[in-house]
Structure formats: structure tokens, C-alpha cells
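S.K.: prediction below, plus the sequence it came from.
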Amino acid sequence: MKLLVIEDDVRMAGLLRRGLEQEGWAVDVVGAAVDARHAVSSTPYDAVVCDVGLPGNESGLDWCRWLRAEGVWTPVLMLTARTDVSDRIAGLDVGADDYLGKPFAFGELAARLRAMLRRGETARPAVLTNGALVLDPASHEAHWQGRLVELSPREFALLDYFMRRPGDVLRRTEILDHVWDYAYDGTSNIVDVYVGYLRSRLAAAGAPDLIDTVRGVGYRLATSP
Ligand code: CA
């Protein structure tokens, strides 16, 4: 696996290189967005670690936006200042796959990179939208008309699955297979229970009932204009 690290801070870049090489990755380091453009044009990388703050007039966010505009879907992890929420949101909006705030534990960086590499390189929007309902798989947040929908992890996973198949009738067994990622030793009644929870959560955020019950089959997320 070959990684590109874009980081102008020499000390941080050195730490990243050493740590990632110890994890068994081949690592190239560049210190500016312009060099990163040349690097990805000549070398196929498996993943990129990119600092938001770069010298010159092109930030890490600008670079990531450029990369996606080029149609390149190499997984990108952005490094941001821990406190800067706006950077994190912006990172996801320009198509980064994940972000990590500085300072970070190296073990967490390595784990996130492994997870990104497992997911692989597929063209995908940064967020899922269905009318006024917006779900961000990276931040694990959903909003209805800008209002946060409070969800447990399982409810989030269920909504995520619906949002990837809007308008499709999803059978209970199919939902079980995709949202309950272990061999669930019970009946598909659990799906009905969780759809009920999800409806309540959406209603609490002011959304109409978007989930249709298809009798004898399963459920369908209504497509919103
Ligand atoms: Ca920097």
C-alpha cells in the first residue's frame, strides 16, 4: 500500500513517515499542494493524508476539492486543528473521507487509514440527501431542514441504509442483513421495532413520516422532491 502525506510541518511530516512506514506502508511526503498535484498525477496512491493548513494560497481543502473535481476518488484523510469544527465540516464537504484533529494518537490514525482502505476507492457523494433530509456518514449526523436528528448508532445505520436506496422497497430480511452485521438470532421483528424508533426520531426533528410500510414485504423511504 502506498500513501501520500501532504504536510508542511517538517517535524510532523517526519513523525508521520516513520510511523506509517512502521505500519508497513510505503510513504511519499510533500509539503505543498502544488507538489501534491504533481505527485498524484504521476503515482497511483492507495490513500492520502492531507493537512488542512498548507503554505501558499492553496490549502489542504482546496487541494482535496481539486482532486475530486479531477474525478480521483483515492481515500483522503484530512488532518485538522482539533478545535476547528468549521475545518472538519469543510473537509467533508470537499470530499474527504475522514478527518482527524491534531494532536492525535498515532494508533488512531493508523486504524482510520486501515478502515478507509477496506472501504476502498468508490465514487460517492460526501453526504447523502433526500429532500430536506441530509445524512453525513463521516460525521454520523443526520439533519432535517438543518435540525439535528438525534439517533442511536443502530438507528443511524438503519437510516443510512434507507438513504442509500430511496424509493426502493426493502425487505425485512434484507434490512437485517445490512444493518445488523452479525448473525442476529431472533426474528425480523427487531426491524419493525427500530423502524418505529427511527420514525419517532424523525418526527422529533420535525420531519413528516418518510418511511412507508409496505404490507407483507417491508419498508420504503419515500423520495422527497
Ligand atoms: Ca500544516
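M.R.: Yep, that arrived. Numbering: from 1, shown residues only.
S.K.: what parts of this protein come near the ion?
M.R.: Applying C-beta under 5 Å from the ion, we find that the chain lies next to the ion at 8, 9, 51, 53. Glycine gets a C-beta too; all of them are placed from N, C-alpha and C.
S.K.: at 6 Å instead, please
M.R.: Residues of the chain found near the ion (C-beta under 6 Å from the ion) are 7, 8, 9, 51, 53, 54.
S.K.: quick one: buried ones out of these?
M.R.: 7, 8, 51, 53, 54 (16 or more other C-beta atoms under 10 Å).
S.K.: the fourth one touches residue 61, doesn't it?
M.R.: Read that as residue 53. No: look at residue 53 against residue 61 with C-beta atoms under 8 Å: they stay out of range, at 9.7 Å.
S.K.: if you count neighbours, what's buried in the helix or strand harbouring residue 79?
M.R.: Using DSSP states H and E, residue 79 maps to strand 76-81. For strand 76-81, the neighbour count (16+ other C-beta under 10 Å) marks 76, 77, 78, 79, 80 as buried.
S.K.: same question for stretch 22-36.
M.R.: By neighbour count on 16+ other C-beta under 10 Å, the buried set for stretch 22-36 is 23, 25, 27, 28, 29, 30, 31, 33, 36.
S.K.: wait, what's in contact with residue 205?
M.R.: The contact partners of residue 205, taken as C-beta atoms under 8 Å, 6 or more residues apart in numbering, are 143, 144, 147, 148, 149, 150.
S.K.: recalculate using a threshold of 10 Å.
M.R.: Contact analysis of residue 205 by C-beta atoms under 10 Å, 6 or more residues apart in numbering lists 133, 142, 143, 144, 145, 146, 147, 148, 149, 150, 151.
S.K.: doesn't the second one lie inside a strand?
M.R.: Yes: residue assignment for residue 142, taken from DSSP: H, G, I helix; E, B strand; the rest coil, places it within a strand.
S.K.: tell me the bridge partners for it.
M.R.: The residues listed as beta-bridge partners of residue 142 by DSSP bridges are residue 135, residue 149.
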